[in-house]
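Asker: structure of the sequence below:
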Amino acid sequence: MTDAALAAARAGDEGAFRRLVEPYRVELHAHCYRMLGSLHDAEDTLQETLLAAWRGLARFEGRSSLRSWLYRIATNECLDLIARRPRRALPVGDVPSGETAWVEPYPDERLGVEDGFAAPEATYERRESVELAFIAALQHLPARQRAALIMRDVLGFSAKETAESLETTVASANGALRRARDNVAERLPERSQQATLRALGDRGVRAVVTRYMDALDRGDADAIVAMLAEDAAWSMPPAHEYYRGRPAILGFLHAGPLRERWRHLPTRANGQPAVGCFMWDERRGCYPGRVIDVLTLDGETIAAVTSFVGRELFAPFGLPEELPA
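Answerer: Residues are numbered from 1 along each chain as shown. Presented below is the predicted three-dimensional model:
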């Protein structure tokens, strides 16, 4: 950031402002998603963040970095939204009835090309920090604990920077961080998906995804179930249905999805392998996009399938709206 660019932006040069904030757009979007668990809420909150930054640029004195200042705005925009809407979750076990806000999938391409850690002080890798299990665990935290954990352990901000963003003391921010770490540790599996995927290698992951898509294409319920762990889970947000174990999933496949004709395309979501599922529409004579299956692996075995239902999900993943007959 140059003084000239900042001065131009303060003078009302929108182009200069866009050039200032553009390097941070991708990471700010991912930050909003971690806080909110929703791709669409993250998009809206990012726009509110940039608008607030544009309006408040005259108050930016340069005592912190522009990046830190933008994260402070984004974090507080997220905290405001969290206070106004229900907590998000993933269907697990006894699924609650009534109105529920579900975690939404996140396209890997929105993370940018960089992998690894966001900063040397970070504890979680970038892709670990958007895995479904991690995002779901975050949503169980009180909002300020969530923010403290993300800022310290995902983004690598200092205790002082985190406290300033949360408008609290360093001691209070550190206390929130300790409680958040304990809570999240109880909810996360022992091994992250990134560790599992590295052990399998790209070829091994592709083989699992190819077998899964082939079995779905053929409508072969037995082949699908054979790929699952004994206690595998299958859920379909925003529906409340949830199935655990091979027998329950086999019955669900026969009674539901495999009564239809499908085609499939591979993709990636939340740092995990995923599949775009297109269901035959007789009236239209094509396969419109219906579901994105995110696979959670345990070695070559599928431990969970989270089937996110909604045609509106396909465009953010770069998937076509439909496939031809």
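
Asker: would you confirm that A233 belongs to a helix?
Answerer: No: with DSSP: H, G, I helix; E, B strand; the rest coil as the criterion, A233 is located in strand rather than a helix.

Asker: ok, it touching V92?
Answerer: Yes: A233 sits in contact with V92 when judged by Cβ atoms under 8 Å, with a separation of 7.3 Å. For glycine as for every other residue, the C-beta is placed from the backbone atoms N, C-alpha and C.

Asker: which parts of the protein are helices?
Answerer: Under the criterion DSSP state H, the chain contains helices at 3-10, 14-21, 25-36, 39-56, 66-84, 132-139, 143-149, 159-166, 170-187, 193-218, 221-226, 246-255.

Asker: average pLDDT across the last one?
Answerer: To tie it back to what came earlier, the one meant is helix 246-255. Across helix 246-255, the average pLDDT comes to 96.

Asker: repeat for the fourth one
Answerer: Along helix 39-56, the predicted confidence averages to a pLDDT of 97.

Asker: about what we covered before: if you count what's nearby, which of A233 and V92 comes out ahead?
Answerer: The neighbour comparison of A233 against V92 (other Cβ atoms under 10 Å) goes to A233, with 22 against 13.

Asker: that older thread, what residues are shared contacts of A233 and V92?
Answerer: Y242 (Cβ atoms under 8 Å, 6 or more residues apart in numbering).

Asker: tell me the contacts of the residue sitting nearest the centre point of the chain?
Answerer: Centroid-nearest residue in the chain: Y106, 4.0 Å away (criterion: Cα atoms, centre = their mean). When contacts are counted by Cβ under 8 Å, 6+ apart, Y106 touches 30, 33, 39, 130, 135, 269-270.

Asker: closest to V305 among those?
Answerer: V305 has its nearest neighbour among these in A269, at 12.0 Å by Cβ to Cβ.

Asker: how about the contacts made by the closest residue to the closest one other than its chain neighbours?
Answerer: Here the nearest residue to A269 in space, its sequence neighbours aside, is P105; by Cβ to Cβ, 6 or more residues apart in numbering that works out to 4.2 Å. Residues in contact with P105, defined by Cβ under 8 Å, 6+ apart, are 39, 132, 269-270, 274, 292, 294, 306, 308, 313, 317.

Asker: P105 and W262: what is the separation?
Answerer: 18 Å (Cβ to Cβ, to the nearest Å).

Asker: now A52
Answerer: 44 Å.

Asker: those two: which has the busier surroundings?
Answerer: Between A52 and W262, counted using other Cβ under 10 Å, W262 has the larger neighbour count: 20 against 15.

Asker: if I pick the closest residue in space to H31 that isn't next to it in sequence, what's in contact with it?
Answerer: Spatially, and ignoring its direct neighbours in sequence, H31 is nearest to A74 (5.8 Å; Cβ to Cβ, 6+ apart). Counting by Cβ under 8 Å, 6+ apart, A74 touches 28, 31-32, 45-46, 49.

Asker: Throw those residues into JSON lines and include distance to H140 and neighbour count, thanks.
Answerer: As requested, the contacts of A74 are exported to JSON lines (distance: Cβ to Cβ, whole Å; neighbours: other Cβ atoms under 10 Å):
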{"residue": "L28", "distance to H140": "23", "neighbour count": "22"}
{"residue": "H31", "distance to H140": "18", "neighbour count": "27"}
{"residue": "C32", "distance to H140": "18", "neighbour count": "26"}
{"residue": "T45", "distance to H140": "20", "neighbour count": "24"}
{"residue": "L46", "distance to H140": "23", "neighbour count": "21"}
{"residue": "T49", "distance to H140": "24", "neighbour count": "26"}
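
Asker: and which of those residues is nearest to A215?
Answerer: When the contacts of A74 are ranked by distance to A215 (Cβ to Cβ), C32 comes first, at 36.0 Å.

Asker: any idea how far the closest one is from G310?
Answerer: Here the criterion is Cβ to Cβ. By it, C32 lies 19 Å from G310.

Asker: picking up where we left off before, from T75, how far out is the residue nearest to the centre of the chain?
Answerer: From Y106 across to T75, the span is 18 Å (Cβ to Cβ).
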